[in-house]
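> below is the sequence, then the predicted model.
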Amino acid sequence: MRSADAVRLVARREIVERVRERSFLISTSVMAIIVVLVIALSALFGSDDVSDVGVTDPVAMAVGRAAADAARASGTELRLHPVSTTDARAQLADGSLDAVLGSGAVLAQDKPDQQLVALLQSANRQVSAQRTLRRAGVHGATLQRALAPPPLRVASVKPQDKDADTEAGLAFFIVLLLYGQLLTYGYWVAAGVVEEKSSRVIEIVLSTLRPRQLLAGKVLGLGLLALGHLTLIALIGLGAAAATGALDVSGELVRATALALAWFVAGYAFYACAFACAGALVPRQEEIQSATMPLTLVILVSFFISFAVNDNPDGTLAHVTAFIPMTAPLTMPGRIVTGDASTLEVVVSYGVTLLAAALLIPLAARIYEGGVLRTGSAIKLRDAWRSARA
């Protein structure tokens, strides 16, 4: 049998076996539902920029109207509700009102929103200044110019993205998915190797195939399954975002999502062979956790580093981890989604990760070959290396 046919046969077997498992279908369905719910709830509650304020007297109403005008100018909404002083506390307690504005005071159930308080304070100063100027005989256009001077023009050197907050949330969600997929499918690679060893099926398989062919087929099959799984979730997520209006699904966003999927391929290629080696070193399922613990910790540390990178995507840590193969698959996708990674940095970082994976594959294949037929007790990494050489 040709090497390519052998690898293809093993890959097909891995895909078919996993897809037939009920747990895989259930987990895929649950993940899709969670993605849709997160996006839908984000669209429903994520843009709640409305405040309800009760007003108890005409003076408070004048201040409230000035605050409402200022809120509209800033893209938010302040709704005014005339309320008696006796009903104010009850409506604060049941959540109908966020605050109650009276003559010279603002009342809230708990600690009031500081932005709302600042808005009301500014409006109160404006109304008080208006009364003072009118008493001083200033009226008409002169009064308006004094109270409402031309606003300062606000600009920024760097173009601002109106979807920046949403994209940051999307970046975190993508990194979370990649973290889960790398751990899950890496563990499946190791567990599959141990299962074949403990059942002695591996001896029958290797009478027809070479160990490297078996390793390549197993890693390729599960990798294709993982990529298809992630692609499906990404398409569902983009579709839900477009349907709910939670995010502007532009060509740039689709491209960034595709690049994030490409980063999973690079990360999986780097870690999967190492997980296979870990599985080849132990004879029983109970020992997988201890064998894969170092790899799990590396992925976990990279995941936590990605939090710091997302908080400061243009910092030193972000640029350094982009060129470390262990961390790049989890730190770069978020920066790509938010547009903080340059094209050159993406290309070079991806190339470094793929090169590291390419260098790791023959080393992993040798360790796998030396350990996969050893049963009875766990084998040391050094002994597996020597067994392959012998």
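Yes, it's here.
> need the next SSE after the helix or strand of the chain with the lowest mean pLDDT, C-terminal direction.
None of the helices or strands of the chain scores lower by mean pLDDT, DSSP states H and E than helix 140-147, at a mean of 65. Scanning forward in sequence from helix 140-147 by DSSP states H and E, the next helix or strand is helix 164-198.
> what comes up buried for that following helix?
166-171, 173-175, 177-179, 181-183, 185-190, 192-194, 196-197 (16 or more other Cβ atoms under 10 Å). C-beta here means a position set from N, CA and C on the backbone, and glycine is covered the same way.
> same question, stretch 238-245
Leu238, Ala240, Ala241.
> relative to its centroid, which residue of this structure is most remote?
Largest separation from the mean C-alpha position in the chain: Gly137, at 59.5 Å (Cα atoms, centre = their mean).
> ok but that one is inside a helix, no?
No. Going by DSSP: H, G, I helix; E, B strand; the rest coil, the assignment for Gly137 is coil, not a helix.
> can you pull out the helices in the stretch 251-390 of the chain?
Taking DSSP state H, counting those that start in this stretch, the helices of the stretch 251-390 of the chain run over residues 251-280, 288-311, 316-321, 328-337, 343-371, 381-389.
> ugh, wrong one, I meant the stretch 1-150 of the chain
According to DSSP H, counting those that start in this stretch, the helices that the stretch 1-150 of the chain contains are 3-19, 22-45, 58-73, 85-93, 114-135, 140-147.
> low pLDDT regions in the stretch 101-250 of the chain?
Scanning the stretch 101-250 of the chain for pLDDT under 70 picks out 140, 142-167, 200, 246-247.
> quick one: contacts for Tyr271?
Leu182, Gly186, Leu295, Ile299 (Cβ atoms under 8 Å, 6 or more residues apart in numbering).
> coming back round to it: what does the residue farthest from the centre of the chain show for phi and psi?
Gly137 adopts backbone torsions of phi 90, psi 10, taken as degrees, to the nearest 10.
> dump the helices of the stretch 1-150 of the chain into a markdown table; add mean neighbour count and distance to Val347 as well.
Shown next, in a markdown table, are the helices of the stretch 1-150 of the chain (neighbours: other Cβ atoms under 10 Å; distance: least, Cβ to Cβ, whole Å):
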| stretch | mean neighbour count | distance to Val347 |
| --- | --- | --- |
| helix 3-19 | 16 | 28 |
| helix 22-45 | 14 | 29 |
| helix 58-73 | 18 | 44 |
| helix 85-93 | 14 | 56 |
| helix 114-135 | 15 | 42 |
| helix 140-147 | 11 | 55 |
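> out of these, which gets nearest to Val205?
Judged by Cβ to Cβ, the one of the helices of the stretch 1-150 of the chain that comes nearest to Val205 is helix 3-19, at 8.2 Å.
> ok now the closest one, how far from the chain's centre?
Relative to the centre of its chain, helix 3-19 is centred 31 Å away, using Cα atoms, centre = their mean, to the nearest Å.
> got the angle between it and helix 22-45?
70 degrees (axes from the mean of the first three to the mean of the last three Cα atoms, to 10 degrees).
> and helix 3-19, what does it pack onto?
With contacts defined as 3 or more Cβ pairs under 8 Å, 6 or more residues apart in numbering; DSSP states H and E, the packing partners of helix 3-19 are helix 211-244.
> if you count neighbours, what's buried in the helix it packs on?
Applying 16+ other Cβ under 10 Å to helix 211-244 flags 211-227, 229-230, 233-234, 236-238, 240-241 as buried.
> touching stretch 3-15 from outside, list them.
Residues from elsewhere that reach stretch 3-15 (Cβ under 8 Å, 6+ apart): 1, 192, 208-210, 213-214, 216-218, 220-222, 224-225.
> got it, and stretch 64-74?
With Cβ under 8 Å, 6+ apart, stretch 64-74 has contacts from 51, 53, 55, 77-80, 101, 119-120, 122-123, 126-127.
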